[in-house]
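test case, fold it:
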Amino acid sequence: MKLVRFMQDGTIQCGVLEGERIEKIEGDLLGERRRTGEWVERSAVTLLAPVTPPNLIAIGLNYGKHAAESEMKLPERPLIFLKATTALSRDGADILLPKLAPDAVDYEAELCVVIGKTAKDIEPEEADAYILGYTCGNDVSARDCQLHLDGQWARGKSFDTFAPLGPHLETEFDPTHARVRSRLNGEVMQDSDLSDLIFPVRELISYLSKNMTLLPGTVIMTGTPGGVGFARDPAVYLREGDVIEVEIEGLGVLRNTVRKA
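Next up, the predicted model:
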């Protein structure tokens, strides 16, 4: 099932996406919901990020090739960092090059998992019961801030618009195997498979739940494959007018245009 949040006539609503039509839902994606039988054309509304997360948790160096191109050792346990929830954005919205750091903004295609109910101290085999669904994400990163200026990652990962999610939330998805790609102006930059994850989705959820309570709506960005811009020779960074796409097999395409703030 493809779940969406959308804006219609100034009101945020939820629905089920089927083809190019949306059936409106009564209730909330994180709680009880009922299909209404009332339909609207997708083209007549604006899709929003599938959820508004209480926390936006990200995992670094979770693909072997990305760790290698970053010249870092494979992690012994998941490398956790946080993105500000104010970085949240949606499919079709602009990624803004921040005035303080416009020159080294990078893309990262990621599978994102949305938690559906409170999870604490759970085991990997229990994880599926706590997952609401999956969506595409782009862990946009200002590499100069992240890697050279700050000594930690919070600012470089958290500028406004640096966490686009979408276009919808898929409740029926196998996170063990699917192709993950990014395209910059139509050129493939990243191309991998979820089977290459160092720490698979269910292990990540279990590990995180033993360190912090995972609240309903929490988004987990599970890491990016090799092929990011800063590791290329020469480096490739996002510039005004670029179109960056994240495509995950079975989850659709997240597409954003780059603009100056």
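
now the element after the strand or helix carrying Leu169, going C-ward?
Element membership for Leu169 (DSSP states H and E) is strand 163-170. Counting by DSSP H and E, the element after strand 163-170 in chain order, helix or strand, is strand 179-184.

and the next helix-or-strand element following that following strand, what's buried?
Remark: after strand 179-184, the chain's next helix or strand is strand 187-193, criterion DSSP H and E. Going by neighbour count (16 or more other C-beta atoms under 10 Å), the buried part of strand 187-193 is 189-190, 192. Bear in mind the C-beta positions are built from the backbone N, C-alpha and C, glycine included.

can you dump the C-alpha atoms of strand 187-193 in PDB for me?
C-alpha atoms of strand 187-193 as PDB (Å, rounded to 0.1, in the frame of the first residue of the first chain):
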ATOM      1  CA  GLU A 187      23.500  10.700 -15.300                       C
ATOM      2  CA  VAL A 188      23.700   7.700 -12.900                       C
ATOM      3  CA  MET A 189      26.000   8.600 -10.000                       C
ATOM      4  CA  GLN A 190      25.200   5.800  -7.500                       C
ATOM      5  CA  ASP A 191      24.000   2.300  -8.400                       C
ATOM      6  CA  SER A 192      23.900  -0.400  -5.700                       C
ATOM      7  CA  ASP A 193      21.600  -2.900  -4.000                       C
END
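
pairing partners for it, with directions?
strand 179-184 (antiparallel) (DSSP bridges).

residues making contact with the partner strand?
With C-beta atoms under 8 Å, 6 or more residues apart in numbering as the test, strand 179-184 has contacts from 107-111, 138, 188-194, 225, 227, 236, 238, 242-249.

again with stretch 23-37
3, 5, 13-16, 38-40, 50-51, 116, 132, 169, 216-217.

still on that earlier bit, out of the contacts of strand 179-184, which sit inside helices?
Of the contacts of strand 179-184, none are assigned to helices by DSSP state H.

how far away is Val40 from Thr11?
Using C-beta to C-beta, to the nearest Å, Val40 is found at 12 Å from Thr11.

the more surrounded of those two?
More crowded of Val40 and Thr11, by other C-beta atoms under 10 Å: Val40, with 15 against 7.

in this protein, which helix has the most residues?
helix 201-209.

check the offset of the next helix or strand after it from the chain's centre.
Next along the chain after helix 201-209, taking DSSP H and E as the criterion, comes strand 219-221. Distance of strand 219-221 from the chain centroid (C-alpha atoms, centre = their mean, to the nearest Å) equals 6 Å.
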